[in-house]
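Asker: Can you look at this prediction? I've put the sequence above it.
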Amino acid sequence: MKVFVADNVAKKVSFAKFGIIIYRDITIGTSPQMLKGRIRLFQESLQLDLEDKDMKDIPGIAEWRSVFKDTGTDPSRYRPSVEALYRRIKKGQFLEPFNSAVDLNNFFSLKYETPFGIYDVSKLDGDVTVDVGDDSANYQGLNGRKISLNKMLHTSDEAGPFGSPFVDSRRTAISEGTTSALHVVYFKPSMEASECEEMLAAISEMFLQVHGGTSEYWVLDKSR
């Protein structure tokens, strides 16, 4: 499987850096108790930090709201997924454990202040492209709604769109039967390439500590 960035992405957003990790021979299940505890403590600490903060005061969220604006998406109507997570935490609506892969994906998003997506490779068809959608791009979201991807960054395969920094699709969702996964990291625009590489290494190492298996990762850089 190859991953590409469409030419129109760099025309819309100047940073255009994306992290790609492919995991193989992994075992997904209920998160270990130690991981659950760590994620819970992180959320409690984050809630305290957010008490007197507005979302615009969080650098990663501010940057990603700007990215949405650059592509023509209204971030007040379609919030970046990381902002939706932060708003939940601020209200004390802590994330309940789902499975080890999804739990870690959410933890990484909160920790690094940026959108993440994780997908079952067996449900993908052919190569993957990061693109900006038109009015024909849509899918059934994990929230049960039809998601329009018009003017929105998203990932697609030969079967169509399946993920975005807004909300992901049902079609490629991770489950406890998943043995290979694609992790997409939507880096903050301010990050340098070296920072991106270090971040991918840390994410991959922690993910494999929990799930076993192997990984390969790289940075897709179409910055102008």
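Answerer: Alright, I've got the coordinates. What you see is a predicted model, and the numbers here were worked out from it, not measured in a lab. Numbers count the residues shown, from 1 in each chain.

Asker: mind listing what the nearest residue to residue 87 once chain neighbours are set aside touches?
Answerer: In space, and not counting its chain neighbours, residue 87 is closest to residue 55: 6.9 Å by CB to CB, 6 or more residues apart in numbering. C-betas here are computed from N, CA, C, even on glycine. By CB atoms under 8 Å, 6 or more residues apart in numbering, the contact list for residue 55 reads 61-62, 83, 86-87.

Asker: can you redo these as a markdown table with secondary structure?
Answerer: Below are those laid out as a markdown table (DSSP: H, G, I helix; E, B strand; the rest coil):
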| residue | secondary structure |
| --- | --- |
| 61 | helix |
| 62 | helix |
| 83 | helix |
| 86 | helix |
| 87 | helix |
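
Asker: Turn the buried ones among the residues you listed into a named PyMOL selection, would you?
Answerer: Selection of buried members from the contacts of residue 55 for PyMOL, criterion 16 or more other CB atoms under 10 Å:
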select buried, resi 61+62+83+86
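
Asker: And the furthest pair within the contacts of residue 55?
Answerer: 62 and 87 (14.0 Å; CB to CB).

Asker: which residues of this protein score low on pLDDT?
Answerer: 223-224 (pLDDT under 70).

Asker: Roughly how far does the residue positioned nearest the centre of the chain sit from residue 222?
Answerer: Centroid-nearest residue in the chain: residue 116, 1.1 Å away (criterion: CA atoms, centre = their mean). Per CB to CB, to the nearest Å, residue 116 is found 19 Å from residue 222.
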